[in-house]
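> Sharing a model prediction with you, sequence too.
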Amino acid sequence: MTTHLTAREAERRLYVLTVTRWFPVGLVVGVMILVQTSRGLSIAEAATVFSITGLTTFLLELPTSGFADAVGRRPVYLAAAALNVVAGVAFFLADSFLTFAIAGVLTGAFRALDSGPLEAWFVDTVHVETPGADVDRQLSRSGTYLGAAIAVGALVSGGLIWWDPAARLGHPGHALDLAVGVFAALNVVHLVASALLVHEPGTVGASRRERFAEALREGRRSPAVIADGLRLLGRNKVLLAIVGVELFWSVGMIVFESLMPLRLEELLGSAQEAGSLMGAVAAAGWGIFAAGSWLAGVASGRLGVARAAMLGRVLNAVGAVVMGLVAGPLALVAAYLFTYSMHGMNGPPHAALLHREAESRNRSTVLSMNSMVAFLAFAIAAPLVGAFADHAGLQVAMVTASAWSLLGVLLYVPARRKERERPPVPEPSVVA
C-alpha cells in the first residue's frame, strides 16, 4: 500500500526528476552532430537524423496525448523513461545513417510520450491535498532546475571530452563517445528514479479500460484536430502570419543549434577540441537565453509586443549571419551568444502575440499549431540545409539560412498593424 504524498514531497520529487531527466541531455546537446559526423555521416545525413526525430515527435504527439489520462501518469512516464534508455544505447552504438535514424525514431517516440505526464502527475498529486491550488511557482522553479541541469551537464561534457581518460590510459578512442556513453548510463538512473519516486494518486470516475478507449478515440481524432487548426488559420490572417514566422525561425535555429559545433570544429581543426569547448559555450548559451527572455519584457513594455518580436527576430537573424561570416573561434562564440540571447528575446513576445489571437476555447489548438509548424519546418529544412552545407560549405549555408530567417520579420507586420488599432489594456494588478 502506497502512502499518499504531500504537496511538498511531490514538489521535491518533481525537482529531482527534472534534474535526472535533463542533466544527461546537457552532456550531448552541443556535441551530438559532432558525434555523428565523426562516425562517418555527412552533414546532410546528420541533419536528416534530427529531422527524423522531430517528425516522429510531430506524428506521435497528438495520438499519445491522451494516453497518460487513460492509463495513468506513472505507467506512461515509466514507459517513456525506458524508451529513453533504449534510445540512448542506440545512439551510443550507432555507426551508420540507418542506425542513427533508428535512434532518432526512438528519441522522437520518447519525447512524444515524455511530454506532459510528469507535470500532470505533480499537479494531480498536489490537488489531492489542495484542490485547485495554483502551481505556477513550483513549475517556474522546475524550469530553473531544467536550465541549470542542462547547463551543468554541458560543462561536465566539455570536461569529459577534454580529459579523455581512455586516451590517457593508453586506450585511444574518440573522446566524444565518452559523453554519449555517460548520457546513456544516466538515462538508466532517470528510469530508476522515476520508478522509485512517481506514485499515482487515486483516481475516481470511469474505469481505466473506459479511459483507455477514450484515449484511442482521441488519438483517431488527430487528423480532425489538425483540420480544425488549419481552418482557424484560414479565418484569421493575423494568426496565420504569426504562425508562419516559424517557417523562418526554425531555419535560423538550424544555424545556431546544429551547424554551430561543426563550424567550431572547422575553425579549431579538431572535433575533440570543439566538443570540449561546446560544453562551456552551450552552458553560457542557456544562461544568456534567460537574459534575453528578461530583455523581452523590457522591450515589450517600451516598444510594444509586436515591435519587440520584430526586433528580436531581426537581431537573432543578424547574429546568425555574423556567425557564418566570422573567421575565428572567439568571434564565433561571441556571435553565438548574442544570437542565442536574441533567440530568448524573440520567444516571449511571439507567444504573447499568439495568445492575443487565441480564445479560451481554442488556445491549446493555437499553441499546438504553432509548435507543429515549427516541427515540420525544421524537419523539412534541416536535411536541405545540411546538403547545401556539404556542397557549398558551412559558411555559405549558415549565411543563406540566416538570411532566410531574417525574412520572417515581415510576417509580424499584420500583428503590428492590429496592435496600433488595439485599445489600451490595463496591466494585471500585482499582489504584494
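Thanks, I have it.
> Tell me the helices and strands packed up against the lengthiest helix in the chain.
Secondary structure of the chain per DSSP state H: the longest helix is helix 271-303. Counting contacts by 3 or more CB pairs under 8 Å, 6 or more residues apart in numbering; DSSP states H and E, helix 271-303 packs against helix 32-38, helix 136-163, helix 175-197, helix 260-268, helix 305-325, helix 329-357. Quick note: C-beta positions are derived from backbone N, CA and C, even for glycine.
> Take those and lay them out in CSV including mean neighbour count, distance to L230 and mean pLDDT.
Putting those into CSV (neighbours: other CB atoms under 10 Å; distance: least, CB to CB, whole Å; pLDDT from 0 to 100) gives the following:
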stretch, mean neighbour count, distance to L230, mean pLDDT
helix 32-38, 22, 33, 93
helix 136-163, 18, 30, 82
helix 175-197, 19, 36, 94
helix 260-268, 22, 34, 94
helix 305-325, 24, 23, 95
helix 329-357, 21, 15, 90
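> What does L5 show for phi and psi?
Dihedral angles of L5 (phi, psi; degrees, to the nearest 10) stand at phi -80, psi 140.
> sorry, that was for A327
Reported as degrees, to the nearest 10, the phi and psi values for A327 are phi -120, psi 10.
> Could you tell me how many residues sit around it?
8 (other CB atoms under 10 Å).
> I'd like the distance from it to N370, if you could.
37 Å (CB to CB, to the nearest Å).
> do the same with L176
In terms of CB to CB, L176 sits 34 Å off from N370.
> pLDDT below threshold where in the chain?
Low-confidence segments of the chain (pLDDT under 70): 1-3, 62-71, 132, 134-136, 140, 166-173, 201-226, 360-362, 364, 423-432.
> Map the structural domains onto the sequence of it.
As assigned by automatic domain parsing, the chain contains the domains 1-220, 222-416.
> Now render the ones you listed as a markdown table, adding distance to R422.
Shown next, in a markdown table, are the domains of the chain (distance: least, CB to CB, whole Å):
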| stretch | distance to R422 |
| --- | --- |
| domain 1-220 | 26 |
| domain 222-416 | 8 |
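> what angle do the helix or strand Q395 falls within and helix 329-357 make?
Taking DSSP states H and E as the definition, Q395 sits inside helix 394-406. Orientation of helix 394-406 against helix 329-357 (axes from the mean of the first three to the mean of the last three CA atoms, to 10 degrees) gives an angle of 20 degrees.
> name the helices or strands packed onto helix 394-406?
Packing partners of helix 394-406 (3+ CB pairs under 8 Å, 6+ apart): helix 246-253, helix 260-268, helix 305-325, helix 363-392.
> What residues of it count as buried?
394-395, 397-406 (16 or more other CB atoms under 10 Å).
> try stretch 34-51
By 16+ other CB under 10 Å, the buried positions in stretch 34-51 come out as 34-39, 41, 43-51.
> got it, and stretch 382-390?
By neighbour count on 16+ other CB under 10 Å, the buried set for stretch 382-390 is 382-389.
> what distance separates that stretch from the middle of the whole chain?
Here the centre of stretch 382-390 is set off from its chain's centre by 21 Å, with CA atoms, centre = their mean, to the nearest Å.
> And the longest helix of the chain, how far out from the chain middle?
Mean-position distance between helix 271-303 and its chain equals 14 Å (CA atoms, centre = their mean).
> Tell me which residues of that helix come out buried.
Neighbour-count burial for helix 271-303 flags 271-289, 292-293, 295-296, 299-300 (criterion: 16+ other CB under 10 Å).
> rewinding a little: closest to L196 out of the helices and strands packed on helix 394-406?
Among those, the nearest to L196 by CB to CB is helix 363-392 (31.6 Å).
> now that closest one against helix 246-253, angle please.
50 degrees.
> Any idea how far helix 363-392 is from the middle of the chain?
In this view, helix 363-392 has its centroid 13 Å away from the chain centroid, taken as CA atoms, centre = their mean.
> how big is the angle separating it from helix 260-268?
With the same axes, to 10 degrees applied, the angle from helix 363-392 to helix 260-268 works out at 30 degrees.
> and stretch 245-259, C-alpha only, in CSV?
C-alpha atoms of stretch 245-259 as CSV (Å, rounded to 0.1, in the frame of the first residue of the first chain):
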residue,chain,number,x,y,z
VAL,A,245,7.1,33.1,-38.7
GLU,A,246,8.0,29.5,-37.6
LEU,A,247,8.9,28.7,-41.3
PHE,A,248,11.7,31.2,-41.0
TRP,A,249,12.6,31.0,-37.3
SER,A,250,13.1,27.2,-37.5
VAL,A,251,15.6,27.5,-40.3
GLY,A,252,17.6,30.1,-38.3
MET,A,253,17.7,27.6,-35.4
ILE,A,254,19.5,25.1,-37.7
VAL,A,255,22.4,27.6,-37.9
PHE,A,256,23.0,28.3,-34.2
GLU,A,257,21.9,24.9,-32.8
SER,A,258,23.1,22.3,-35.4
LEU,A,259,25.8,23.9,-37.6
